[in-house]
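>>> Sequence plus predicted model, see below.
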Amino acid sequence: MIMQNFEIHSNSYSLMVDVLPDEIIKTQHSHTYRNSIQIDVYASNRCLAFADLEEKICRLRSGDNWINLEGSIAIFIPPFSIVEWEVEKNKKYHWTCLMSTCEIPIEIKNHPVLLFQSIKCPTNILDVFKTINNLTKNGIPLVEKKPSSAIAIKAKKYLDSHFREKVMITEVAKNLKISRVVLSRAFTLNYGISLTDYRHRLRLFEALSLINKGTSITEATVSVGFSDSSQFNFHFKKYFSTQPKAFDVNKRNRARAFKSCFCFLS
């Protein structure tokens, strides 16, 4: 893939995006959070995040405990992980993130982990693997809240495998032989996010990953399970505070090609 770079601005963040070789998306965030509790879900993407944080402005949940984050940190978030943060509202945070759907070598552990250490941001897939390996060997494992609900775990596992399909939450409940009300309550208590919201975020990040690789917005919308473009646009705008076209690599390529052609003709 040819390297691309572009900026995106919304009312809550600024984002510099670099599309690197080996299906790696590098983003540099400048983000002001409106809510103190943040839940991150990245679908099939693996995420490496780096930051240098002030004292007492950010905490990360691990089990029933909260870890205070300060100084230089690095975090690895595997696919289909749910990560919960507590942040200071209306304060600007700066993050560098690498996202990829590439499979990691089987010998590297695939669980969320935190490392209090300054690490140089990788620029290629081999360095990404080395960095993840370093984190999983030397970092602090992040665990889910306990006691975990067996119902919620089963529901999450089912959605992780079937979120692209047009499956209703009532069907998930029926498959697990439980009422939708009980299932929804158990999932929200266990993960801090509703079943419906979790499925939306899986679809949104999966679609964003496809769009960043050059898939058209229409194809991405259908591929991840949204019923139509208006529904996709609504949820995308709600979560990312901008329209999908802001991330459209194909559109940017066409614009650059037109600009180059125009410059050549003139």
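Now that the structure is in, tell me what you want to look at.
>>> Chain neighbours aside, what residue packs nearest to the spatially most central residue of the chain?
Nearest residue to the geometric centre of the chain (CA atoms, centre = their mean): Tyr42, 2.9 Å. Spatial nearest neighbour of Tyr42, chain neighbours left out: Phe205 (5.1 Å); criterion: CB to CB, 6 or more residues apart in numbering. C-beta here means a position set from N, CA and C on the backbone, and glycine is covered the same way.
>>> May I ask which helix or strand encompasses that neighbour?
Assigned by DSSP states H and E, Phe205 belongs to helix 195-212.
>>> Distance from the chain centre to that helix, please.
Its chain's C-alpha centre lies 8 Å from the corresponding centre of helix 195-212 when counted by CA atoms, centre = their mean, to the nearest Å.
>>> Can you point out the buried residues in it?
Counting neighbours by 16 or more other CB atoms under 10 Å, one finds that the buried residues in helix 195-212 are 195, 197-212.
>>> Okay, and the beta partners of His94?
Beta-bridge pairing of His94 under DSSP bridges involves Ser30.
>>> Could you tell me the per-residue confidence at it?
For His94, the model assigns a pLDDT of 96.
>>> so where do the helices sit in the stretch 51-200 of the chain?
Assigned by DSSP state H, counting those that start in this stretch, the helices in the stretch 51-200 of the chain fall at 125-138, 150-162, 169-175, 180-191, 195-212.
>>> what helices or strands is the fourth one leaning on?
It refers to helix 180-191. Other helices and strands packing on helix 180-191, by 3 or more CB pairs under 8 Å, 6 or more residues apart in numbering; DSSP states H and E, are helix 150-162, helix 169-175, helix 195-212.
>>> wait, which of those helices is closest to Phe129?
For Phe129, the closest of those is helix 195-212, at 18.8 Å, according to CB to CB.
>>> can you pull the buried residues of the following helix or strand past that closest one?
For helix 195-212, the following helix or strand on the C-terminal side (DSSP H and E) is helix 217-223. Residues of helix 217-223 classed as buried: Ile217, Ala220, Thr221, Val222 (neighbour count, 16+ other CB under 10 Å).
>>> need the contact list for the first one.
What it means is Ile217. Ala207, Ile211, Ser229, Phe232, Pro244, Lys245, Asp248 (CB atoms under 8 Å, 6 or more residues apart in numbering).
>>> quick one, phi psi at Leu176?
For Leu176, the backbone dihedrals are phi -90, psi 0 (criterion: degrees, to the nearest 10).
>>> related to what we said a few turns ago, derive a PyMOL selection command for the buried subset of the contacts of Ile217.
Those of these that count as buried under 16+ other CB under 10 Å are selected in PyMOL with:
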select buried, resi 207+211+232+244+248
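>>> quick one, domains of the chain?
Following automatic domain parsing, the chain resolves into domains at 4-141, 150-243.
>>> what's the burial count for the closest residue in space to Ser44 that isn't next to it in sequence?
Spatially, and ignoring its direct neighbours in sequence, Ser44 is nearest to Pro79 (4.8 Å; CB to CB, 6+ apart). For Pro79, the count of nearby residues is 17 (other CB atoms under 10 Å).
>>> Trp85 against Trp66, yeah?
No: assessed by CB atoms under 8 Å, Trp85 is found out of contact with Trp66, at 9.4 Å.
>>> What helices and strands are in contact with the helix holding Phe205?
Using 3+ CB pairs under 8 Å, 6+ apart: helix 195-212 touches strand 37-41, helix 150-162, helix 169-175, helix 180-191, helix 217-223, helix 229-240.
>>> what's the angle between that helix and helix 180-191?
Inter-element angle recorded for helix 195-212 and helix 180-191: 60 degrees (by axes from the mean of the first three to the mean of the last three CA atoms, to 10 degrees).
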